[in-house]
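*Asks:* pasting a predicted model and its sequence here:
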Amino acid sequence: MNWPKTHDSDYIIAGPCSAESRKQVLEVSNSLKAIGKVKALRFGVWKPRTRPGAFEGIGSQALSWIQEAKESTGLPVMVEVANVQHVKACLDAKVDMVWLGARTTVNPFYVQEIADALKGNDIPVWIKNPMHPDIGLWQGAIERFHKVGIEKVGAIHRGFYSYDSRPFRNEPKWEIALDLRQKFPEIPILVDPSHIAGKGSLIQEVCQTALDLRMNGLMVEVHPEPKSALSDAQQQITPDHFLKMLDLLVWRMPSTSDESFLKILEKKREAIDSIDSNLVEILAKRFALVEEIGAYKKEHGVTILQLERWFKIMEMRKSQGKSLGLSEELIHELYQIIHKNSIRIQTQVMRKADEK
């Protein structure tokens, strides 16, 4: 079975959210095989749901259908596992790969039990990010499998729950996936655009972003009849839609040997480096003033937070940014960080003064 290298970008996994029937499993598997670009098939057999009464998967019975799909297509198959019993059933069914869902990654006890159950088995493991943006849990889950001797461990970025993540179902927060890449440069990272998008119409956009950020591939939910799917109907697409989407995606090169391009790029990067150097110096000057203001507030018995001033700053900076073609979101996020650190600095000033 092929395992993606860290420079690959075309490791495509696809299949339905849930294995619902033998007919559905074989139909979608053969359709995906015919496309010729799919490296492995994915199936949900046990489905952890938020509320009782929702479809929670067929269970172990579906593994025989998945075995049949594997034999029919010659493609590796993968299944989500959430406990030791799932692991044993998958090993008995000769499932090629397993993945841990976001609800499992969030609990180190579950992760360790699954890692211990897989110890000594040469089976690749994929780990989705936890529900909330906690890179420590994601990192820790990967380390637990490495610690028991599982060599082939990959990550799947599926976005993070947010009360309001419009237009997506889950907020992408690409910076967290890139941070994980920095911590584990040797492991492949796939993107699950179905769970990020939440609806079929947005999947292509998420896929293209994933490729442009040099992720190693995609894991897409594909169903013969998405409207009748028993779980996550809105975010699944048909095999035909999937094929058309793959044809429209642009796989760009990470670099080029074009000397004229590289020279121009280097000049522009030098210009950015110069601007960044100025930015850092300006930030240092700003925070030096923040520290002085903190001491002045302390001297006159004034609180750190001045809401009216903060609201005015945000209003003025957003207006200025808009006039210069910058998005309000960018200015908002930038000044949230600046304000957070300003409060931290002034808090330290206050405490030091109180200790004297």
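*Replies:* Arrived safely.

*Asks:* from here on, just use CA atoms for contacts and neighbour counts.
*Replies:* Will do.

*Asks:* now do the helices in the stretch 101-250 of the chain.
*Replies:* Here the stretch 101-250 of the chain has its helices, by DSSP state H, counting those that start in this stretch, at 102-105, 108-118, 135-147, 174-183, 193-197, 203-212, 239-248.

*Asks:* could I get the shortest one in CSV with only the CA atoms?
*Replies:* Spelled out, it's helix 102-105. The C-alpha coordinates for helix 102-105 follow below in CSV (Å, rounded to 0.1, in the frame of the first residue of the first chain):
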residue,chain,number,x,y,z
ALA,A,102,-12.2,14.6,16.3
ARG,A,103,-14.3,13.4,19.2
THR,A,104,-11.8,10.7,20.0
THR,A,105,-8.6,12.8,19.6
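
*Asks:* which other helices and strands contact that helix?
*Replies:* helix 108-118, strand 125-128, helix 135-147 (3 or more C-alpha pairs under 8 Å, 6 or more residues apart in numbering; DSSP states H and E).

*Asks:* nearest to residue 17, of those?
*Replies:* For these, distance to residue 17 was read as C-alpha to C-alpha. The smallest value, 14.6 Å, belongs to strand 125-128.

*Asks:* state the distance from residue 2 to residue 220.
*Replies:* 18 Å (C-alpha to C-alpha, to the nearest Å).

*Asks:* so for the two, which residue has more residues nearby?
*Replies:* Between residue 2 and residue 220, counting by other C-alpha atoms under 10 Å, residue 220 is the more crowded of the two (25 against 8).

*Asks:* which residues does that one contact?
*Replies:* 12-15, 192-194, 236 (C-alpha atoms under 8 Å, 6 or more residues apart in numbering).

*Asks:* who touches the residue nearest to the spatial centre of the chain in this structure?
*Replies:* In the chain, the residue lying closest to the centroid (C-alpha atoms, centre = their mean) is residue 157, at 2.4 Å. For residue 157, the contact set (C-alpha under 8 Å, 6+ apart) comprises 128-129, 177, 189-192.

*Asks:* let's go with 7 Å and repeat that
*Replies:* Going by C-alpha atoms under 7 Å, 6 or more residues apart in numbering, residue 157 touches 128-129, 177, 190-192.

*Asks:* again with residue 194
*Replies:* Applying C-alpha under 7 Å, 6+ apart, the residues near residue 194 are 203, 220-221, 235-236.

*Asks:* quickly list the domain ranges of the protein.
*Replies:* Domains of the chain are assigned by automatic domain parsing as 11-248, 259-355.

*Asks:* highest mean neighbour count out of those?
*Replies:* domain 11-248 (a mean of 19; mean count of other C-alpha atoms under 10 Å).

*Asks:* leaving out chain neighbours, which residue sits closest to residue 120?
*Replies:* residue 149 (7.2 Å; C-alpha to C-alpha, 6 or more residues apart in numbering).

*Asks:* just residue 152 next, same as before
*Replies:* residue 124 (4.8 Å).

*Asks:* surely that neighbour meets residue 146?
*Replies:* No - with contact defined as C-alpha atoms under 7 Å, residue 124 does not reach residue 146; the gap is 11.1 Å.

*Asks:* just send the domains of the chain back as TSV, with mean pLDDT too.
*Replies:* Shown next, in TSV, are these (pLDDT from 0 to 100):
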stretch	mean pLDDT
domain 11-248	96
domain 259-355	94
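
*Asks:* hmm, residue 145 is touching residue 115, no?
*Replies:* Yes - in this structure, residue 145 is within contact of residue 115 by C-alpha under 7 Å, at 5.4 Å.

*Asks:* returning to that earlier point: is it possible to get a markdown table of the helices and strands packed on helix 102-105 that adds distance to residue 316?
*Replies:* Shown next, in a markdown table, are the helices and strands packed on helix 102-105 (distance: least, C-alpha to C-alpha, whole Å):
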| stretch | distance to residue 316 |
| --- | --- |
| helix 108-118 | 45 |
| strand 125-128 | 40 |
| helix 135-147 | 34 |
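
*Asks:* of all those, which one is nearest residue 74?
*Replies:* Of the helices and strands packed on helix 102-105, nearest to residue 74 by C-alpha to C-alpha is strand 125-128, at 19.7 Å.

*Asks:* what's in contact with that closest one?
*Replies:* 97-102, 105, 152-158.

*Asks:* try it again at 6 Å.
*Replies:* 97-102, 153-157 (C-alpha atoms under 6 Å, 6 or more residues apart in numbering).

*Asks:* closest to residue 88 out of those residues?
*Replies:* Among the contacts of strand 125-128, and counting by C-alpha to C-alpha, the member closest to residue 88 is residue 98, at 11.3 Å.

*Asks:* returning to what we had before: among the contacts of strand 125-128, which ones are in strands?
*Replies:* 97-100, 153-157 (DSSP state E).
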